[in-house]
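# What shape does this take:
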Amino acid sequence: MEQPFIAKPWELADLLLKVREEQAQRDRIRRMFGSYVSPELVRRMVDARAEPQLGGHESEITAFFSDIQGFSAFSEVLSPADLVVLLNEYLGAMTDILQEEGGALDKYIGDAIVAMFGGLVPLPNHAARACEAVAKMQRRQAELRAAWQAQGDRWPPLVKAMRTRIGLNSGQVVVGNMGSHHRFNYTMMGDVVNLAARCESGAKAFGVYSLATENTVREAQAAGCACVFRSLDRIVVKGRSVPVEIFEVVGLTGEVTAETHACLAKFAEGRAHYLKQAWGEAAAAFAEAAKLEPLQQIARIRIILCDIDARLARTRHIARGLADAIRERFHLDPDVQAAREGRDLPLGDYDPPHLNLPTLTVDTSDGCHPAFESIVAFASP
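This is a model prediction of the structure:
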């Protein structure tokens with residue numbers, strides 16, 4: 001007959017110590033991350049039995065930035081108490097969706113939300129989850145506007161028309177606890193994060209509310225994202241040299257109407273003409289899209305761009321004619337300048353160095369508008 005196993009007192013003590021250490025580790029993770037990620041995500045982190053790497057490590061994520069349009073005006077028409085009530089309702093609704101889709105809250109900056117999808121624990125479909133979260137947030141905000149409208153005079157018209165701009169970008173970043181030894185925050189850093197922030201602020205120039213980069217859209221579509229996207233342009237962001245294609249997150253596939261799909265098709269046709277520098281055809285297609293456009297501002301901007309590019313093309317032609325006339329005038333005695341520079345200059349190649357003739361170019365072969373920053377003033381209502 002086998003003798004029952006009886007643990008020795010020091011073995012029981014060692015076992016209890018290990019249990020307490022494991023429980024302390026679980027509690028530490030809950031305290032560190034429970035306030036800004038969903039309970040489900042915290043549970044996954046605890047079950048993994050491995051603390052996130054602290055001090056910064058590279059991770060593939062989708063960075064998220066959002067900001068309420070014209071929020072500074074809200075503080076002028078609302079009392080501090082009402083402003084807090086409004087923000088709590090808005091931020092609560094947005095954060096719930098963020099966490100339901102696996103996102104982790106980085107921080108609130110007033111009305112702005114900074115978040116990441118991935119980073120804390122691996123999230124293979126982070127781009128798709130981020131895009132779907134954006135579409136659901138815009139839908140939820142429409143519901144909030146309707147609710148505020150139904151409350152009558154409780155809220156001023158500015159609140160009832162609240163809109164949020166959101167920017168997304170995906171790629172490798174550094175995430176971890178960053179700051180001083182006494183106070184730090186679990187956050188993200190890198191060029192990917194900067195571009196996501198630029199997308200949020202740049203959405204205004206395009207007349208849209210949800211902007212994502214080509215990296216995010218490509219990864220989202222590969223993961224079977226349930227969103228509809230619209231290609232808007234290829235731009236060169238200040239401080240970067242490589243053009244980036246940007247897209248609007250139009251909405252969830254099952255919620256985009258047939259009329260909106262027709263609008264997107266016309267818009268794509270207009271953009272194809274635009275890239276070929278067929279300004280008239282492009283403006284006509286954008287005008288057709290404008291009749292179906294949920295966001296009228298974007299169609300107005302594209303039509304204005306066509307007009308600007310057509311004017312630039314005409315100006316370039318006139319400038320070339322003027323330059324040829326000036327060269328012809330100075331070609332009357334090219335030997336004088338050639339002698340000064342100690343070279344032989346064939347007739348027809350003389351370009352007087354003291355004349356600083358401008359060279360106007362309009363290069364839209366890659367879809368990058370050369371002076372996009374200047375159109376914002378023209379596009380303002």
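
# for the stretch 51-200 of the chain, what spans make up the strands?
57-68, 103-109, 112-117, 164-179, 184-189 (DSSP state E, counting those that start in this stretch).

# Please parse the protein into its domains.
Following automatic domain parsing, one finds the domains of the chain at 55-254, 257-381.

# could you give the mean pLDDT of the longest one?
For domain 55-254, the mean pLDDT works out to 92.

# who touches the residue nearest to Ala133 when sequence neighbours are not counted in this structure?
Nearest residue to Ala133 in three dimensions, chain neighbours excluded: Glu101, at 3.9 Å (Cβ to Cβ, 6 or more residues apart in numbering). Placement of C-beta: from N, CA and C, glycine included. Glu101 is in contact with Phe117, Arg129, Ala130, Glu132, Ala133, Lys136, counting by Cβ atoms under 8 Å, 6 or more residues apart in numbering.

# Report the separation between Gly224 and Glu132.
Distance of Gly224 to Glu132, given as Cβ to Cβ, to the nearest Å: 10 Å.

# Which of the two has more residues huddled nearby?
In this view Gly224 and Glu132 are compared by other Cβ atoms under 10 Å, and Glu132 has more residues nearby, 22 against 8.

# Isn't the more buried one up against Phe229?
No - the pair Glu132 / Phe229 is not scored as a contact, 11.9 Å apart, by Cβ atoms under 8 Å.

# I'd like the strands of the stretch 51-200 of the chain as CSV, with distance to Gln141 and mean neighbour count appended.
Putting the strands of the stretch 51-200 of the chain into CSV (distance: least, Cβ to Cβ, whole Å; neighbours: other Cβ atoms under 10 Å) gives the following:
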stretch, distance to Gln141, mean neighbour count
strand 57-68, 9, 23
strand 103-109, 16, 19
strand 112-117, 12, 24
strand 164-179, 6, 21
strand 184-189, 24, 17
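
# between the ones you listed, which gets nearest to Ala284?
The closest of those to Ala284 is strand 164-179. By Cβ to Cβ, the value is 29.2 Å.

# Could you find the closest non-adjacent residue to Lys136?
Ile97 (5.0 Å).

# The one you found: how many residues sit nearby?
19.

# need the contact list for it.
By Cβ under 8 Å, 6+ apart, the neighbours of Ile97 are Ala133, Lys136, Met137, Arg140.

# What strand or helix carries Glu245?
strand 244-252 (DSSP states H and E).

# Adding distance to Ala289, write the strands of the stretch 51-200 of the chain out as a markdown table.
Converted to a markdown table, the strands of the stretch 51-200 of the chain look like this (distance: least, Cβ to Cβ, whole Å):
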| stretch | distance to Ala289 |
| --- | --- |
| strand 57-68 | 26 |
| strand 103-109 | 32 |
| strand 112-117 | 31 |
| strand 164-179 | 21 |
| strand 184-189 | 36 |
